[in-house]
Every structure is written in C-alpha cells, then in structure tokens.
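Trainee: Give me the fold of what follows.
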Amino acid sequence: MEVNTAAVRAHYVVCLGYLRIKVSQFGGIIQLVMKFHKMKLAKLCFGCLVVLFLVSHSFSYSTLPRSGPTTTTSSIPWTWTCSAEQNICVKQQKSPSLVNQSEASCRLKCSPENFLWPLPSQFSVAEEVSLFNPFGVVKNVRATKEVEEMFNDAFAWQIKNLAKNRRFNYGPVETILDVIIDTDLTKPDVDTDEKYFLKIKEDAEKILIVTIRAKTYFGARHALETMFQLAQFDPVTSSFLLSSEVEITDEPFYPHRGVMLDTARNFIPVDKIKTMIDSMSYSKLNVFHWHITDSQSFPLHMDSLPGFAEFGAYSPEETYSKEDVKDIIDHAAKRGVRVLPELDAPAHVGAGWESVDPSFTLCVNREPWLDWCVEPPCGQLNPAQPGMYDVLEQIYKEFINMFGASQFHMGGDEIHVGCWNSSSDIAAWLDQRGRGREEKDFIFIWNHFLQESVKRIKKAGMTKPKLVLWNNGMTKAEHIHHIDPAIFAIQIWTNSKDMEDLTIKTVAEKGFKMIFSNYDATYLDCGFGGWVSDGNNWCSPYKEWQLQHQNDPLQMLEDRNLTNLEAAKANVLGGEVALWTEQVDGHSMMSRLEPRASAYGEQLWRGPSTGRWIEAERRLVRHRGCRQNEGK
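Mentor: Numbers count the residues shown, from 1 in each chain. Down below sits the predicted model:
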C-alpha cells in the first residue's frame with residue numbers, strides 16, 4: 001500500500017481558519033496536539049487557545065535539521081571511525097580531520113557491523129541513518145481490534161525501553177509506521193507462524209516510512225524487535241538514530257526456541273519470571289518451559305486440590321495462584337512467548353502429595369537418599385495404586401484449565417528402580433501379571449503408568465495430546481517401542497559428545513520429534529560447586545556462551561550415521577537452555593541465563609546458517625549491553 005504522506009501530515013494540522021501550524025515546525029508539541037485532536041479539539045476554542053499559548057511561550061526543545069544529525073559540543077575526547085581494513089568501528093582520539101561521532105552512530109554506518117540479534121535469515125541494511133523521534137511515530141495498523149491493541153502495547157513498551165530516562169532532542173514527526181497483520185491469533189501455539197517482513201525507507205520528503213507485514217501478531221512483534229535493534233541513542237547529538245535503508249524477510253529455522261526454568265528447587269517470584277520472559281523476547285526465544293513442581297516443593301495453587309500447595313510450598317508466600325499463572329501467560333503472549341508447563345512424574349515427586357493417601361507415593365524423604373533417588377529429597381509415585389491415577393487426572397485438569405491444552409510436559413526422567421523394587425504393592429502387582437523383578441519387568445509397570453497417564457490427560461481435556469518427555473530409561477533401544485511418536489516428543493538432555501550413548505541415534509531413528517537440551521552445552525547450572533557432593537557439580541565445567549551458539553542439533557544427527565538422516569532432521573523441533581535451581585534463586589537467575597540463552601537463541605533462529613561464534617561475538621556484546629539491560 002502506498003502511503004499518502006502529505007495527507008497524513010495534513011491530518012495533524014490544528015487550525016481555526018487562520019491558524020496554520022505545520023507538524024514539521026513544532027515537533028516538540030506534536031504529542032500534546034495529537035491528544036487534543038483525539039478530544040475533538042477542533043470543536044473547542046479553548047483547545048486552540050492552549051495551543052497558541054504553548055507556541056507563544058516556546059518549549060525548551062531543539063528542532064533538529066531534517067537532513068541528518070547535527071554534532072553538538074561534547075566533552076568526550078574520543079570519536080569512532082569505520083576502519084576500511086577491518087570493517088569495524090574503532091575508537092580514536094578526536095582530531096580536526098575526523099568526524100565527531102558516537103560508537104552507535106558509527107556502527108549503524110559501518111557494514112557489516114550491526115546491532116541485530118539473532119541475525120535475520122534474509123536482510124539488507126545499508127549504511128544510511130536518519131533522525132528518529134520515538135514519540136513522533138504515526139501508526140497505521142490494520143488488524144483486528146485485540147491484535148491492534150497488543151501491537152500498540154508492544155510498540156509502547158519498545159519506546160519506553162529505548163527512551164529510558166534519557167534527555168534527548170525532539171526532532172520533527174518524520175516516521176510513519178504502516179502495519180498489516182493478517183490473523184486474529186492472540187495466543188502462541190506450537191506451530192504459530194512467526195514470519196515477518198520489515199522495510200525502512202526515507203522518502204523524497206525525508207519522512208521515514210516503516211513497513212511491517214506479518215501473518216500473526218507474533219511475527220509483527222518480532223519485526224518491532226528488529227526495528228528497535230536498529231534504533232540507537234547518539235550521545236553526541238543527544239538524539240535517536242534509525243537505519244533508514246533496510247529490507248528484511250525473516251523467520252525462524254526451528255519452531256521451538258526455549259528456556260527451561262525450575263521454580264521448585266528454589267521459588268522464583270513472578271516479577272523475576274516476567275523479567276526473564278522480557279529478556280527472552282529480545283532474542284526472539286518463544287517457549288518458557290516451566291518446571292513448576294518437584295520432590296522439593298509443589299508451589300502451584302489448585303482449587304480442587306488445595307492441600308498440595310498447603311503441604312508442598314516452602315511457605316504461603318512462595319506460591320503461584322491461578323491469577324499469577326494467568327498474569328505470566330498473558331505477559332508471555334505479549335512478548336511472543338508460549339508457556340509449556342511440566343508436571344514431572346513418576347519420579348521427582350513428594351512435596352504436596354502428603355495431602356492425599358500416603359500409599360500413592362513411595363520412598364518419600366527416605367534415607368540414606370543415595371539408595372533411593374538421584375538427589376534428595378526422594379519420592380516417586382506408586383503406579384500400582386489405582387487411586388493415584390484419579391488424583392493425577394485431577395491435577396491434569398487443573399493444569400489444562402490454567403495453561404491450556406496446546407502442549408504438556410510429563411517429565412519422566414530419573415526413575416529409581418530400587419525404590420519401586422522395595423514396594424510390596426509393586427511386587428504384588430507384578431506377581432499378579434506373571435512378571436519378575438528384572439529391568440524389563442519394571443519397564444512393564446513404567447509403561448503401564450505412561451499409558452494410563454495418557455488416558456487420564458485425555459479425560460482431563462487434552463483430547464489430542466501433544467506431550468513431551470525427557471529422555472529416560474524407556475528411550476533405550478530395547479524399550480522405546482513402548483512410546484508412541486505420534487503423541488510424544490523427546491527432550492534430549494544426554495551428553496551429545498558421548499558417541500557410546502545411543503540415545504540420540506535411537507530417538508532419531510524411531511521417528512520422534514526432538515528438542516535438544518544436551519547437558520554438555522545447554523545446562524546453565526553446570527560449573528559451580530557441588531550441591532550434595534564435594535568439589536564441582538556433576539556436569540562441570542561451566543558451559544560458556546560459545547557452546548550454546550555452536551550447539552547444532554543437525555550436526556549431532558549427522559555425526560551418528562543415521563539410517564534416516566533427512567527425516568530425522570525434519571523432526572528437530574528446536575532446543576532449550578535449562579536452568580535447574582538447586583543453587584540458583586531470583587537474585588542470581590539472570591546472570592546464569594544471559595547472555596547464554598541469547599546465544600542458543602541465534603542458533604535456533606538461524607539453524608545451519610549460523611556462522612562461527614567469533615563472527616557473532618561483537619554483536620552479542622552489544623546485544624547484551626543494549627537490549628537485555630533495558631528497563632532495569
């Protein structure tokens with residue numbers, strides 16, 4: 001659509017027949033005039049008198065020239081120049097022969113230097129910049145009412161983050177934002193279209209025209225994120241600059257790009273979770289995998305089972321209400337993020353289950369813990385108790401009512417066979433079915449638990465289950481036939497460097513969808529002191545950001561000589577970084593997550609087009625400083 005810029009500008013001229021105030025002459029008062037215009041100022045003489053008063057008393061703003069930024073006097077002794085040899089901006093002492101410009105201004109005009117993260121799949125950004133007044137953007141958004149409101153909210157949030165508390169010169173209204181969003185989708189799903197088109201062009205009248213086209217709000221939100229990465233504050237001119245010769249067509253390579261956060265080992269407050277979601281949005285990460293319960297705590301309030309939080313939370317203050325969950329889900333949707341809840345079972349349970357029949361669980365808090373579980377406190381469900389499944393079904397209903405039915409994570413890892421083997425209930429159950437006490441027999445009852453859980457989650461409201469399991473004993477080659485790849489995706493946390501471990505090969509060749517969280521690169525709690533042991537923790541050393549950036553799922557498949565390589569590649573949903581919180585809380589969480597979550601974000605957005613980490617280092621440093629610290 002061709003925008004009639006003259007008509008747009010005329011729309012914001014306030015007059016009483018003889019008064020003519022051009023928008024370009026009074027950029028500093030445009031916002032106030034627009035507010036009066038919305039109150040039908042033309043019908044109120046008083047309104048015009050107010051405008052006349054404002055004009056006559058001259059605001060303390062600077063009207064900047066339209067052709068480009070003007071250098072002001074600065075006490076900073078440095079300037080930045082674009083090195084033709086290195087193709088980077090270098091810091092130099094000021095001299096009469098050098099242009100006085102900031103680092104931000106230089107980098108916007110020194111290709112291939114840029115501020116984009118993740119790097120788009122197809123992009124052209126020329127070395128052209130224009131002044132940008134973030135409070136003087138005229139928006140033309142064509143979308144349903146609710147989607148338009150979401151977009152406007154996302155735009156306002158970007159403006160707030162960009163402006164912060166800076167004092168800056170107001171330029172004239174020179175930016176028109178033209179947006180078309182095709183669908184009315186307001187909640188992200190597992191297969192949401194995130195593609196977008198972004199074009200920024202300065203027209204003949206020196207007006208910036210920003211064009212965004214997307215099928216969904218979530219693609220348009222990504223376009224805004226990209227646009228505002230190209231908007232930078234210039235301290236030399238005390239103004240904002242925006243790249244003005246831009247064309248980007250972009251979409252993610254993988255649909256699942258996430259962060260797994262454990263809020264059971266240490267409670268994480270809602271505001272900290274929302275801060276993490278904000279940070280995810282800067283890198284277009286789109287899945288918050290919420291590991292909400294474990295053997296240590298059950299902090300989720302459930303109306304039909306209130307005792308779980310009463311018994312299972314660390315304290316009444318360290319709980320999540322239905323309203324908290326809704327707040328997090330709504331906030332995440334605004335940021336382009338889907339919430340994937342996890343109820344880990346049949347292991348990693350205990351807290352909260354004290355409120356129901358004690359026969360439904362086994363080995364809870366048993367000592368010495370090393371004999372009964374992988375970490376304290378111990379606890380597993382008792383799959384031989386029919387009543388346990390009734391409780392599990394009710395929990396599923398509560399989760400589905402709160403989180404929706406798009407996808408559900410059932411946990412499923414680290415079953416301790418010794419715990420089940422110590423149970424007379426399980427021994428009797430196996431005896432009745434002619435089973436023994438070998439590994440295959442415990443796989444038999446484990447499979448019974450899994451199949452019954454699927455039935456119960458269907459009854460609870462997820463009629464077409466899309467479920468996720470961590471890789472576990474049942475994903476071994478001799479047992480994986482028990483799991484249905486049409487229902488389950490497998491989240492892989494094994495060591496990708498261990499070629500003797502056949503987990504990845506087995507899961508891939510059996511046709512499962514895969515999410516890669518291999519601990520050798522994506523476990524962000526690694527490299528610190530042992531929690532229940534001396535020395536370093538079990539997955540040391542520390543996983544530096546270069547590992548996440550280069551953690552290529554397709555390469556892992558290629559390294560394993562698969563019989564179905566191309567089909568397996570097509571089954572990769574994406575990946576997640578994982579932050580287990582035995583030794584992490586809300587105060588330290590973000591320093592563990594970033595910039596490493598962002599690093600994996602670029603790998604998951606670009607896929608095989610991801611370059612070497614050394615080519616990304618300068619962009620990541622800028623992204624870390626310019627985006628992830630906004631608003632803090």
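Trainee: Sketch out the low-pLDDT regions of this protein for me.
Mentor: 1-74, 170-173, 626-632 (pLDDT under 70).
Trainee: can you give me the strands in the stretch 401-550 of the chain?
Mentor: 408-409, 467-470, 488-492, 513-516 (DSSP state E, counting those that start in this stretch).
Trainee: could the ones you listed be laid out in TSV, adding mean neighbour count and distance to residue 169?
Mentor: Where you see a C-beta, it was placed from the backbone N, CA and C, and this is true even at glycine. Formatted as TSV, the strands of the stretch 401-550 of the chain follow (neighbours: other C-beta atoms under 10 Å; distance: least, C-beta to C-beta, whole Å):
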stretch	mean neighbour count	distance to residue 169
strand 408-409	22	50
strand 467-470	20	51
strand 488-492	25	50
strand 513-516	25	47
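Trainee: Please produce a markdown table containing these, extended by distance to residue 321.
Mentor: As requested, those are arranged in a markdown table below (distance: least, C-beta to C-beta, whole Å):
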| stretch | distance to residue 321 |
| --- | --- |
| strand 408-409 | 20 |
| strand 467-470 | 25 |
| strand 488-492 | 28 |
| strand 513-516 | 29 |
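Trainee: who wins for proximity to residue 219 among those strands?
Mentor: Ranking those by proximity to residue 219 (C-beta to C-beta) places strand 513-516 first, at 22.0 Å.
Trainee: measure stretch 481-501 end to end?
Mentor: 18 Å (C-alpha to C-alpha, to the nearest Å).
Trainee: Identify all contacting residues around that stretch.
Mentor: 409, 413, 443, 447, 450, 454, 465-471, 474-475, 503-504, 507, 510-521, 523, 551, 556, 559-560, 573, 576, 578 (C-beta atoms under 8 Å, 6 or more residues apart in numbering).
Trainee: how about stretch 149-162: buried residues?
Mentor: 150, 151, 154, 155, 157, 158, 161, 162 (16 or more other C-beta atoms under 10 Å).
Trainee: from those residues, which ones fall inside helices?
Mentor: 150, 151, 154, 155, 157, 158, 161, 162 (DSSP state H).
Trainee: Please verify my assumption that the second one contacts residue 177.
Mentor: No. Taking C-beta atoms under 8 Å as the definition, residue 151 is not a contact partner of residue 177, at 9.7 Å.
Trainee: where do the contact lists of these two overlap?
Mentor: Once C-beta under 8 Å, 6+ apart is applied, the residues that residue 151 and residue 177 both contact turn out to be residue 141.
Trainee: Contact partners for the closest residue to residue 143 other than its chain neighbours?
Mentor: Leaving aside its chain neighbours, residue 143 sits nearest to residue 181 (3.9 Å; criterion: C-beta to C-beta, 6 or more residues apart in numbering). Neighbouring residues of residue 181 by C-beta under 8 Å, 6+ apart: 141-144, 147-148, 151, 214-217, 219-220.
Trainee: ok, of the residues you listed, which come out buried?
Mentor: Using 16+ other C-beta under 10 Å as the burial test, those include 141, 143, 147, 148, 151, 214, 215, 216, 217, 219, 220 as buried.
Trainee: now, which of the buried residues of stretch 149-162 sits nearest residue 285?
Mentor: For the buried residues of stretch 149-162, the nearest to residue 285 is residue 154 (15.7 Å; C-beta to C-beta).
Trainee: can you pull the contacts of the closest one?
Mentor: Taking C-beta under 8 Å, 6+ apart as the test, what residue 154 contacts is 221, 224, 334.
Trainee: from the ones in helices among the buried residues of stretch 149-162, which is closest to residue 345?
Mentor: residue 150 (34.9 Å).
Trainee: how much space between the closest residue to the closest one other than its chain neighbours and residue 454?
Mentor: Excluding the flanking residues, the one nearest residue 150 by C-beta to C-beta, 6+ apart is residue 217, at 5.3 Å. Here the criterion is C-beta to C-beta, to the nearest Å. By it, residue 217 lies 32 Å from residue 454.
Trainee: Where does residue 116 fall, secondary structure wise?
Mentor: If you go by DSSP states H and E, residue 116 is not part of any helix or strand.
Trainee: just the helices in the stretch 301-450 of the chain please.
Mentor: 307-312, 322-334, 386-403, 417-421, 424-432, 439-459 (DSSP state H, counting those that start in this stretch).
Trainee: got a list of what residue 80 touches?
Mentor: Contacts of residue 80 (C-beta under 8 Å, 6+ apart): 89, 90, 91, 92, 101, 102, 103, 105, 106, 107.
Trainee: can you give me the helices in the stretch 1-150 of the chain?
Mentor: Under DSSP H, counting those that start in this stretch, the stretch 1-150 of the chain gives helices at 5-11, 30-38, 45-56, 103-108, 145-163.
Trainee: which strands and helices sit next to the shortest one?
Mentor: Read that as helix 103-108. Contacts defined by 3 or more C-beta pairs under 8 Å, 6 or more residues apart in numbering; DSSP states H and E place helix 103-108 against strand 78-83, strand 88-93, strand 231-234, strand 239-243.
Trainee: Return that helix as PDB; C-alpha atoms alone will do.
Mentor: The C-alpha trace of helix 103-108 is given here as PDB (Å, rounded to 0.1, in the frame of the first residue of the first chain):
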ATOM      1  CA  GLU A 103      30.100   4.400  18.700                       C
ATOM      2  CA  ALA A 104      26.400   3.800  18.000                       C
ATOM      3  CA  SER A 105      26.300   6.200  15.000                       C
ATOM      4  CA  CYS A 106      29.500   4.600  13.600                       C
ATOM      5  CA  ARG A 107      28.200   1.100  13.900                       C
ATOM      6  CA  LEU A 108      24.900   2.000  12.100                       C
END
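Trainee: How about residues contacting it?
Mentor: 69, 80-82, 89, 91, 113-115, 127, 129, 230, 232-237, 241, 243, 622.
Trainee: do that again at 6 Å, thanks
Mentor: Here helix 103-108 makes contact (C-beta atoms under 6 Å, 6 or more residues apart in numbering) with 80, 82, 89, 113, 129, 232, 234, 241, 243.
Trainee: Any idea how many residues pack against the nearest residue to the third one once chain neighbours are set aside?
Mentor: With sequence-adjacent residues excluded and distances taken as C-beta to C-beta, 6+ apart, residue 89 is closest to residue 106, at 4.0 Å. A count of neighbours around residue 106, defined by other C-beta atoms under 10 Å, yields 21.
Trainee: how near is residue 106 to residue 404?
Mentor: 47 Å.
Trainee: wait, which of the buried residues of stretch 149-162 is closest to residue 390?
Mentor: Closest to residue 390, out of all of the buried residues of stretch 149-162 and judged by C-beta to C-beta, is residue 150, at 39.4 Å.
Trainee: doesn't residue 220 make contact with the closest one?
Mentor: No. Using C-beta atoms under 6 Å, residue 150 is not in contact with residue 220; the gap is 8.9 Å.
Trainee: The residue nearest to residue 150 contacts residue 152, correct?
Mentor: No. At 10.9 Å, residue 217 does not count as touching residue 152 under the criterion of C-beta under 6 Å.
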